[in-house]
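[1] The following comprises the amino acid sequence and a computationally predicted model.
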Amino acid sequence: MSSSSFYGVELKSRLLLGTSRYPSPAILERAIKASGAEVVTVSLRRESGTGRAGQAFWSLIQSMGVRVLPNTAGCHSVKEAVTTAHMARELFDTPWIKLEVIGEADTLQPDVFGLVEAARILSEDGFEVFPYTTEDLVVAERLVEAGCRVLMPWGAPIGSARGLNNVYGLRSMRAHFPEIPLVVDAGLGVPSHAAAAMELGYDAVLLNTAVAEAGDPVEMARAFALGVEAGRAAYLAQPMEPRDMAVPSTPVIGKAALGD
Ligand SMILES: CC(=O)[C@@H](O)[C@H](O)COP(=O)(O)O
């Protein structure tokens with residue numbers, strides 16, 4: 001299976017995994033292995049506990065030989081996000097940053113205005129920014145102008161497990177930015193959501209809640225890896241002239257089945 005490339009780093013796995021809210025470090029470790037993820041995102045603010053748990057978490061992540069994509073989860077301002085990014089670069093010795101500037105506490109939707117400003121500041125500072133954004137094309141243009149060479153539109157709000165809320169918008173983004181690696185980040189609830197994102201021609205998906213809060217996170221991690229692989233294979237197998245891949249209606253299980 002072809003590889004994806006972010007800022008010149010080739011990856012075989014097209015599944016990026018979050019590391020928050022797992023039942024235990026041991027389950028986190030097994031889930032990462034089962035997913036085949038080569039990149040895991042870590043929240044500096046969430047895991048910055050200096051106590052034993054914090055240290056054990058960092059030691060575990062570093063022992064797994066995966067690439068760390070620090071994130072600015074929980075940051076609500078440009079200043080907070082930029083400060084957190086600088087701390088992350090020092091801690092992890094990586095220019096990569098998953099940039100989140102949260103605009104609304106309930107839905108955790110991005111503050112796209114602050115996001116563009118923070119992306120510009122960080123890109124000028126030598127960071128390689130992975131912006132958590134929406135499917136808004138104008139915002140995406142501004143992020144690229146600000147220096148981003150990856151775009152990560154949400155499928156749905158973080159933790160909502162609702163899948164691809166706006167397939168048309170995500171498809172438009174793929175068509176609009178053929179040269180930019182695109183990752184659906186947030187809101188995926190089941191492996192078929194990941195497959196649907198890959199069938200649109202996206203380069204990868206990033207998820208956390210659907211695995212961490214599954215009844216069996218390890219098995220769910222493996223299921224998502226299979227979903228990503230299936231979606232990628234379907235995308236490559238489709239006729240050259242793009243056609244509407246039958247995007248499955250959003251199946252609801254688990255949290256999403258409980259309704260809003
Ligand atoms: C871990 C992380 O970065 C999340 O904020 C990410 O956006 C995934 O969201 P889900 O938890 O909805 O998969």
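    Thanks, I have the structure now.

[2] Close to the ligand: what parts of this protein are there?
    The chain has residues 18, 20, 41, 71, 73, 98, 132, 158-159, 185-188, 206-210 near the ligand, with proximity defined as CB under 6 Å from any ligand atom. Bear in mind the C-beta positions are built from the backbone N, C-alpha and C, glycine included.

[3] Can you verify my assumption that Gly189 contacts Leu164?
    No. Judged on CB atoms under 8 Å, Gly189 makes no contact with Leu164 at a distance of 10.2 Å.

[4] the helices in the stretch 1-150 of the chain, which residues?
    Assigned by DSSP state H, counting those that start in this stretch, the stretch 1-150 of the chain shows helices spanning 25-35, 52-63, 78-92, 112-124, 137-145.

[5] Can you say which of these is packed in most?
    Comparing the helices of the stretch 1-150 of the chain by mean neighbour count (mean count of other CB atoms under 10 Å), helix 112-124 ranks first with a mean of 21.

[6] What does the pLDDT read for Ser3?
    pLDDT, Ser3: 82.

[7] For Glu38, see how far away the residue nearest to it when sequence neighbours are not counted is.
    Among residues not flanking Ser3 along the chain, Glu10 sits closest, at 4.6 Å (CB to CB, 6 or more residues apart in numbering). Using CB to CB, to the nearest Å, Glu10 is found at 10 Å from Glu38.

[8] Those two: which is more packed in?
    Glu38 (20 against 10; other CB atoms under 10 Å).

[9] check contacts around the more buried one.
    Contact analysis of Glu38 by CB atoms under 8 Å, 6 or more residues apart in numbering lists Leu11, Lys12, Ser13, Val66, Arg67.

[10] Would you confirm that the fourth one contacts Val40?
    It refers to Val66. Yes. Under the criterion of CB under 8 Å, Val66 makes contact with Val40 at 5.1 Å.

[11] so who does the closest residue to the ligand within the stretch 1-150 of the chain touch?
    Here the stretch 1-150 of the chain gets closest to the ligand at one residue, Gly18, 2.7 Å apart by CB to the nearest ligand atom. Neighbouring residues of Gly18 by CB under 8 Å, 6+ apart: Val40, Thr41, Leu206, Leu207, Asn208, Thr209, Val211, Ala212.

[12] Now, those that are in helices?
    Mapping those onto helices (DSSP state H) picks out Thr209, Val211, Ala212.

[13] between the residues you listed, which has the most around it?
    Highest neighbour count within the ones in helices among the contacts of Gly18: Val211, with 30 neighbours (other CB under 10 Å).

[14] That residue against Leu17, yeah?
    Yes. Between Val211 and Leu17 there is a contact under CB under 8 Å: 6.7 Å.

[15] joint contacts of the two?
    Residues within reach of Val211 and of Leu17 at once, by CB under 8 Å, 6+ apart, are Ala31, Ser35, Ala221.

[16] which residue sits closest to the first one in space, ignoring its chain neighbours?
    Translated: Ala31. What sits nearest to Ala31 in space, not counting adjacent residues and going by CB to CB, 6+ apart, is Ala221, at 4.1 Å.

[17] what's the neighbour count on the residue of the stretch 51-200 of the chain found nearest the ligand?
    Here the residue of the stretch 51-200 of the chain nearest the ligand is Ala186; by CB to the nearest ligand atom that distance is 3.6 Å. Ala186 has 27 neighbours, counted by other CB under 10 Å.
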